[in-house]
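K.L.:
coords please:
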Amino acid sequence: MKRPNTPGKWDWHQDYPYWYDEGCLWPKMLTCTVAVDRNDPTNGCLKLCAAPTFWGRVNHVKVGEAVAFDPQRLKLVLEQCPLDEMIMEPGDAVFFHGNTLHASGPNLSDRPRTLLHCSYNAIANSPFIEEGQQHHLYKPFEVLPDNVCATATGPTCSTATCSTRRVRPSAAAMAIGRSPAAKRLTWSEP
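P.N.:
Numbering: from 1, shown residues only. Now for the predicted structure:
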């Protein structure tokens, strides 16, 4: 959450280098980011770079107090690749690959900016480093019947709360490299 009128920002980075350090061998992962509040440039919305994900894991280095994408490479990437600001309404979602370069600016508004980041990893890509990684290891979901929302009672589930909300196609398409701007980019697993 970015509180109103806070200068903090997330520098440009990929998610996969952090997962790599925690023991995931391959970038077979993605993030689904869901907007809890309205997100726009004034409150520090997520920004994605339409650079190819096949460039792989780029080393992140110390930048001031943080660790971020190598500044020399970043300058070249930002000169050559388009950026997309993820302007999102509450409930909108964007999916992006673990090698997607992304950042967010400060919240200069009087509104909060809250995102829910859900990271997904291939089962076969569980961290091989076990010490301290138990929370990242695969745990199967309990399979529920299709009618669970229709038959559940109580404040946590009702047919009103289980309705499906749309994903903004342009944001999701940009993130996974299928928009017109990113159509020239392709990626395949080794």
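K.L.:
please make it C-alpha for all contacts and neighbour counts, starting now.
P.N.:
OK.
K.L.:
now do the strands in this structure.
P.N.:
10-13, 29-35, 46-49, 60-63, 66-69, 83-85, 93-97, 102-104, 115-121 (DSSP state E).
K.L.:
list the helices and strands the first one packs on?
P.N.:
Applying 3 or more CA pairs under 8 Å, 6 or more residues apart in numbering; DSSP states H and E, one finds that strand 10-13 makes contact with strand 66-69, strand 102-104.
K.L.:
the last one now?
P.N.:
Applying 3+ CA pairs under 8 Å, 6+ apart, we find strand 115-121 packed against strand 29-35.
K.L.:
quick one: average confidence on the strand it packs on?
P.N.:
Averaged over strand 29-35, pLDDT sits at 94.
K.L.:
one more: stretch 65-80?
P.N.:
Here stretch 65-80 scores 88 as its mean pLDDT.
K.L.:
over to stretch 115-123?
P.N.:
Mean predicted confidence for stretch 115-123 is 91.
K.L.:
and that stretch, which residues are buried?
P.N.:
115, 121 (16 or more other CA atoms under 10 Å).
K.L.:
what segments of the chain are helices?
P.N.:
Using DSSP state H, the helices found in the chain span residues 16-21, 71-80, 148-151, 169-176.
K.L.:
tell me which of the ones you listed is the most buried.
P.N.:
With neighbours defined as mean count of other CA atoms under 10 Å, the helices of the chain peak in mean count at helix 169-176, which reaches a mean of 20.
K.L.:
and the residue positioned nearest the centre of the chain, what are its bridge partners?
P.N.:
Of all residues in the chain, the one closest to the mean position by CA atoms, centre = their mean is Thr31, 3.9 Å from it. With DSSP bridges as the criterion, Thr31 is bridged to Phe96, Ser119.
K.L.:
hang on, it packs against Leu115?
P.N.:
No. Taking CA atoms under 8 Å as the definition, Thr31 is not a contact partner of Leu115, at 11.7 Å.
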